[in-house]
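Undergrad: no sequence for this one, just the structure:
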Ligand SMILES: Nc1nc2c(ncn2[C@@H]2O[C@H](COP(=O)(O)OP(=O)(O)O)[C@@H](O)[C@H]2O)c(=O)[nH]1
Ligand SMILES: [Mg+2]
């Protein structure tokens, strides 16, 4: 599709006119800004190019940016409205790179207070982008007026710009609090919303202040639905905070508190947005019981039959999530959900069916699966994954249904689809196989069939690994060999290597297949790829030895040591040969990665934040990274590299400083049999004296010795 | 009236838009002066200290002036030079009552005159000895000698006393610079 469109564009010559812009040429053109009289059309075009380049990630040097910036200031001569607004954008983009950008302060304050309304809001945004804490006084008075300006665009621009400025000068906003408070009473929906956002931002770390703000606002009946939505979110946060603080105490139930009453009252708001926000908020509160849920669910139920697709989508998406945590509450909506199965919007239909699958009984599974089958090919991968997730939980809930579901999954596997989608199917099949021994044979058969035509190398490798593990223990192991050996003939080197390893498992575990496997492995020794040949030779000779212990330790049981440590130790052994043989037992064991398991558990119990989210495939680089810290350290400091004994373990970096200080110091502990190395790392420059103090604060100074004084580099302590 | 006719004549053929740079220490009256030259509807009520620059437009006779009114504050004076190259005339405003800082004025003027974008050009410079209404203000004669204006022999220059609040003296100065710029453009 994309390819076709590109080609068409090429033919018609409607491609991106800025495609081949050259930075130097464009900056050269920017000199046109100095010409009198200004040619607005030409200058607007050049400015567009500059903005385009910056937004494409082109880096401008300080001098380049400063030159362009000062040239641009001359465009203030022109009264052309479009050009002026481009200049504001240019100022914002260059304000972080160019020097002396405050040069346009007066020009901008003039525009923000001037008669031309088209200038005012944009001038404020540009002004705030060039103003730092030291220049605040020059604009303080203007901002005060702008916040409460009668023109809503001006007022909003001021409030939002201040919000952005608080990022680099958090205290600055204090001087305008009164005005922002006044803006909160604005009749304009946006101004009120922005003002609330800013006020909350200032106070959010002070729970008492937030409580007061909320107490006032929940009574105030704000006009702006956006502001009310924001207030709902603030209230929820407050409820959650109070709940977790008061966990277990015997005060009256939180659900009769004024905060929750406010949420409930929002369910009757005249704006649909607010009603939805409130319903969504209530169903997502952590400590809800059926009683609190009921009114929210009935609002969502009402939305399910709305003529507006947006409302139907929002409602069903939310119900889909609630179905996991509170299936019984959603059952009330089953009729509405059934009606949505035939919704012309396929996203809505998918969510409706998968919700029903989560809440439905075993008897409804067949019917619902048939209905999904009618349109599954029409929905996007993202929603197909939703379907797969639903099937996964169904299989766990109704193990007897695995045949129907597995068939369905294998059909999905055969369809077109991206890696993520295919991986989620394969994952699901693997989970089913693991949970349900009865499903194993069918599951493996489906996977075998899938790898016959699988374009995703990583997935094929995973499946081959699984076949190697499970296949030899199946009723009829021989039937898998064909599928695996086909990979050796047809696939790329990575897959071929994985196939060789899988075959070796059969050779090791199934004596009746050993001879055949050896023949195949011998053929693999002629492979064009080194890794494939190496593996084939390795397995072939171990199997040929007929030594049970060798086979057990080197084929069936995978290596349990940490691979990076092994690599390092071997390297050292090669560099400093020793008369004694290499000692494998000195290598630390690999840390078992559990994150996958917990993540899976999370997903199954529905704790994942977004159910339409993409199932990320987590790998854990933690071990390798920490060990590489040590590697770098020992490379930099030979004394450390020559310490006796092998590294036992390195800790993950521990922060020694608060996260918001100007300098950051991390500590990594490397444990050796007789030594402990504390590796202190600092990102920013610390004066030698400061670094000196940090040694002293470590308890036993006699055993501490700085091996390097340069504060930039890692400081090694023995 | 005679002069007006002459100007119109000169500019009728050539261009009618000129760029001038308004320089001088802070608080010398630059922005007040420019404000006075602007048309009635463009004038502002209060002048506040300039941060950076302001670009203003005004007409004198039928010549359209674009004035770059620069901030004269110490830390911004280094930024003047960004605007030297394209300007066609310089209006240098001096607070003639500020005797304390007249030496600073001389320094800044020297730097200006030696700048590569200025030194070789025959660019007209108009000096306003502003705030002449104040009691202790220096005379134009005194200022010429303190600043050593006599040494400027490669550029047309002129000095007149002014009061930017009332507009006294502005007429004479504007007349001169308009003519001087037009001479060069001929
Ligand atoms: N008495 C008097 N005051 C003046 C005169 N010109 C300007 N001022 C005042 O001097 C102060 C500085 O003026 P301003 O135009 O901001 O100076 P700039 O920094 O050079 O732009 C203001 O308070 C003006 O009212 C003048 O001719 N006489
Ligand atoms: Mg000024």
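TA: That came through fine. If you're wondering where the values come from, they're calculated on a predicted model, not measured in any experiment. Ligands and ions are numbered 1, 2, ... in the order given.
Undergrad: contacts, neighbours, all on C-alpha from now
TA: Fine.
Undergrad: got the contact list for the residue in chain A that ligand 2 sits nearest to?
TA: Closest approach between chain A and ligand 2, counting by C-alpha to the ion: residue A:106, at 9.1 Å. Going by C-alpha atoms under 8 Å, 6 or more residues apart in numbering or on different chains, residue A:106 touches B:50-54.
Undergrad: Assign it to helix, strand or coil.
TA: Each residue gets one of three states, and residue A:106 gets helix by DSSP: H, G, I helix; E, B strand; the rest coil.
Undergrad: residues making contact with the helix or strand where residue A:142 lies?
TA: Assigned by DSSP states H and E, residue A:142 belongs to helix A:136-147. With contacts defined as C-alpha under 8 Å, 6+ apart, helix A:136-147 is touched by A:109, A:113, A:154-156, A:158-159, A:176, A:179-180, A:183, B:51.
Undergrad: quick check, nearest of the residues you listed to ligand 1?
TA: Among those, residue B:51 lies closest to ligand 1 (C-alpha to the nearest ligand atom), at 9.2 Å.
Undergrad: For that closest one, the count of nearby residues, please.
TA: Per other C-alpha atoms under 10 Å in any protein chain shown, the neighbour tally for residue B:51 reads 22.
Undergrad: Tell me if I am right that it is in a helix.
TA: No - read with three-state DSSP, residue B:51 is coil and lies in no helix.
Undergrad: circling back to that earlier point, which pair of the contacts of helix A:136-147 spans the longest distance?
TA: A:183 and B:51 (27.9 Å; C-alpha to C-alpha).
Undergrad: what about the helix holding residue A:142, near ligand 1?
TA: No - on the criterion C-alpha under 6 Å from any ligand atom, helix A:136-147 is out of touch with ligand 1, staying 13.8 Å away.
Undergrad: buried ones in that helix?
TA: A:138-139, A:142-147 (16 or more other C-alpha atoms under 10 Å in any protein chain shown).
Undergrad: State the next helix or strand along the chain beyond it.
TA: Assignment by DSSP H and E places the next element after helix A:136-147 at helix A:152-165.
Undergrad: Name the surrounding residues that touch that following helix.
TA: By C-alpha under 8 Å, 6+ apart, helix A:152-165 touches A:120-122, A:124-125, A:128-129, A:143, A:146-149, A:172-173, A:180, A:183, A:188, A:190-191, A:194-195, A:198, A:201.
Undergrad: Phi, psi for the residue nearest to the spatial centre of chain B please.
TA: By C-alpha atoms, centre = their mean, chain B has its centre lying nearest to residue B:91, at 1.3 Å. Dihedral pair for residue B:91: phi -110, psi 120, per degrees, to the nearest 10.
Undergrad: Run a quick neighbour tally on the residue of the stretch 301-450 of chain A found nearest chain B.
TA: Closest residue of the stretch 301-450 of chain A to chain B, C-alpha to the nearest C-alpha: residue A:310 (49.8 Å). When counting by other C-alpha under 10 Å, one arrives at 12 neighbours for residue A:310.
Undergrad: Ok, residue A:333 next?
TA: 19.
Undergrad: In contact with the closest residue to residue A:106 other than its chain neighbours, which residues?
TA: Leaving aside its sequence neighbours, residue A:106 sits nearest to residue B:51 (C-alpha to C-alpha, 6 or more residues apart in numbering or on different chains; 5.1 Å). Residues near residue B:51 by C-alpha under 8 Å, 6+ apart: A:102-106, A:138, B:71.
Undergrad: Next, give me the two most distant ones among the residues you listed.
TA: A:138 and B:71 (12.8 Å).
Undergrad: got a list of contacts for the longest helix along chain B?
TA: Ordering each helix of chain B by length in residues (DSSP state H) puts helix B:170-185 first. By C-alpha under 8 Å, 6+ apart, the residues outside helix B:170-185 that reach it are B:7, B:10-11, B:14, B:33, B:60, B:63, B:88-89, B:123-126, B:128, B:156, B:158-160, B:162-164.
Undergrad: now residue A:130: how far from residue A:104?
TA: 8 Å (C-alpha to C-alpha, to the nearest Å).
Undergrad: no wait, residue A:299
TA: Counting by C-alpha to C-alpha, the gap from residue A:299 to residue A:104 is 53 Å.
Undergrad: Of these two, give the one with the bigger neighbour count.
TA: For residue A:299 versus residue A:104, neighbours defined as other C-alpha under 10 Å are more numerous around residue A:104 (26 against 18).
Undergrad: residues contacting that one?
TA: Counted by C-alpha under 8 Å, 6+ apart, residue A:104 has contacts A:73, B:51-54.
Undergrad: Spatially, which two of the residues you listed are the most separated?
TA: Top of the distance list for those (C-alpha to C-alpha): A:73 and B:51, 13.4 Å.
Undergrad: Ignoring the adjacent residues along the chain, who's closest to residue B:136?
TA: Nearest to residue B:136 is residue B:97, by C-alpha to C-alpha, 6+ apart, at 5.7 Å.
Undergrad: Over to that neighbour: give its phi and psi.
TA: According to degrees, to the nearest 10, residue B:97 has phi -90, psi -10.
Undergrad: so it sits right up against residue B:139, yeah?
TA: No - with contact defined as C-alpha atoms under 8 Å, residue B:97 does not count as touching residue B:139 (9.4 Å).
Undergrad: between the two, which one's more packed in?
TA: A count of neighbours by other C-alpha under 10 Å puts residue B:97 above the other of residue B:97 and residue B:139, at 20 against 15.
Undergrad: What does the pLDDT read for the more buried one?
TA: We have a pLDDT of 95 for residue B:97.
Undergrad: who are the neighbours in contact with it?
TA: B:131-132, B:134-138.
Undergrad: Can you list the low-confidence ranges for chain B?
TA: B:1-15 (pLDDT under 70).
Undergrad: Strands along that one, start to end?
TA: Using DSSP state E, the strands of chain B run over residues B:17-23, B:53-60, B:63-70, B:89-95, B:125-130, B:157-161.
Undergrad: Alongside chain B, which residues does the stretch 51-200 of chain A contribute?
TA: A:70, A:76-77, A:100, A:102-107, A:138 (C-alpha under 8 Å from any C-alpha of the partner chain).
Undergrad: Greatest separation within these: which pair is it?
TA: Most distant of those, by C-alpha to C-alpha, are A:77 and A:138, 22.3 Å apart.
Undergrad: ok, residue 114 - how many residues close by?
TA: Let's take chain A. Other residues near residue A:114 come to 12 when the count uses other C-alpha under 10 Å.
Undergrad: right idea, wrong chain: chain B
TA: Residues near residue B:114, counting by other C-alpha under 10 Å: 11.
Undergrad: who touches it in this structure?
TA: Residue B:114 touches nothing, counting by C-alpha under 8 Å, 6+ apart.
Undergrad: Could you do residue A:532 as well?
TA: By C-alpha under 8 Å, 6+ apart, the residues touching residue A:532 are A:493, A:496-497, A:500, A:524-525.
Undergrad: same thing but 6 Å
TA: residue A:497 (C-alpha atoms under 6 Å, 6 or more residues apart in numbering or on different chains).
Undergrad: Give me the mean pLDDT for the host helix or strand of it.
TA: Assessed by DSSP H and E, residue A:532 sits inside helix A:530-545. Average pLDDT, helix A:530-545: 92.
Undergrad: Also stretch A:588-603?
TA: Average pLDDT, stretch A:588-603: 48.
Undergrad: Please apply the same query to stretch A:122-130.
TA: The pLDDT scores in stretch A:122-130 average 95.
Undergrad: what distance separates stretch A:92-105 from the centre of its chain?
TA: Remark: stretch A:92-105 is offset 33 Å from the chain centroid, using C-alpha atoms, centre = their mean, to the nearest Å.
Undergrad: Let me fix that, I meant to ask about stretch A:173-189.
TA: Stretch A:173-189 sits 35 Å away from the centroid of its parent chain (C-alpha atoms, centre = their mean).
Undergrad: Flag the shaky bits of chain A, pLDDT-wise.
TA: In chain A (pLDDT under 70), the answer is A:1-14, A:247-254, A:591-636, A:638, A:640-641, A:644, A:658-664, A:682-718.
Undergrad: Which residues of it lie near ligand 2?
TA: Proximity of chain A to ligand 2 (C-alpha under 5 Å from the ion) involves no residue at all.
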